[in-house]
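Colleague: just the structure for this:
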Amino acid sequence: MDQRTPLHDFTWTALRVVTGLLIFSRGSAKLFGWFGGFGEAGTAELMSRFGIAGVLETVCGALIIIGLFTRPAAFLLSGMLAVAYFWIHAWGGSIWWWNNNGMSAMLFSFLFLFFAVWGGGPYSLDARRSGTDFKA
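Modeller: Okay, the predicted model is just below:
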């Protein structure tokens, strides 16, 4: 029995858009120096691990905002953030998020895993392409 209401659809969309905006801003800070920049130089070197992360965050974040190719984009980001958690935050230190400052990487990884499984929702370009959009 489907208990979905328009409020469910709206909150699903809002979560997707806000999560996409947040990851997009992280990536564009690394690539273009926007939103306060990244590191001492202001941007990450493109062929570094931070530069590659910036490309994924910017491109996949933009796709998630508009809800286009949401599942594959979210899957890539979920994996990238899981790797970032262990490689950047837990490596050589503590595996526990309260000790290694990795809470946001962990949370984002699971948010993107949600979108990889559930998709972009009814208010997305994916739904419009499949012909199932804007239904309550």
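Colleague: give me the buried positions along the particular helix or strand that has Ser28 in it.
Modeller: Per DSSP states H and E: Ser28 is located in helix 6-32. For helix 6-32, a neighbour-count test (16 or more other CB atoms under 10 Å) marks 9, 12-13, 16-17, 19-20, 22-31 as buried. All C-beta spots, glycine's among them, are computed from the backbone N, C-alpha and C.
Colleague: got it, and stretch 79-88?
Modeller: Buried residues in stretch 79-88, counted by 16+ other CB under 10 Å: Met80, Leu81, Ala82, Ala84, Tyr85, Ile88.
Colleague: which strand or helix spans the fourth one?
Modeller: What it means is Ala84. helix 70-84.
Colleague: hang on, the earlier thing: does anything pack onto the helix holding Ser28? Which helices or strands?
Modeller: Using 3 or more CB pairs under 8 Å, 6 or more residues apart in numbering; DSSP states H and E as the contact test, the elements touching helix 6-32 are helix 49-66, helix 103-118.
Colleague: now do 10 Å
Modeller: Contacts defined by 3 or more CB pairs under 10 Å, 6 or more residues apart in numbering; DSSP states H and E place helix 6-32 against helix 49-66, helix 70-84, helix 103-118.
Colleague: compile those helices into a markdown table and extend it with columns for mean pLDDT.
Modeller: Listed next are the helices and strands packed on helix 6-32 as a markdown table, based on pLDDT from 0 to 100:
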| stretch | mean pLDDT |
| --- | --- |
| helix 49-66 | 93 |
| helix 70-84 | 95 |
| helix 103-118 | 93 |
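Colleague: which among the ones you listed is found nearest to Gln3?
Modeller: Relative to Gln3, the nearest member of the helices and strands packed on helix 6-32 by CB to CB is helix 103-118, separated by 15.2 Å.
Colleague: tell me the helix or strand right after that closest one.
Modeller: That would be, after helix 103-118 and using DSSP H and E, helix 125-130.
Colleague: ok, of the buried residues of stretch 79-88, which one's closest to Cys60?
Modeller: When the buried residues of stretch 79-88 are compared against Cys60 (criterion: CB to CB), the nearest one is Met80, at 8.4 Å.
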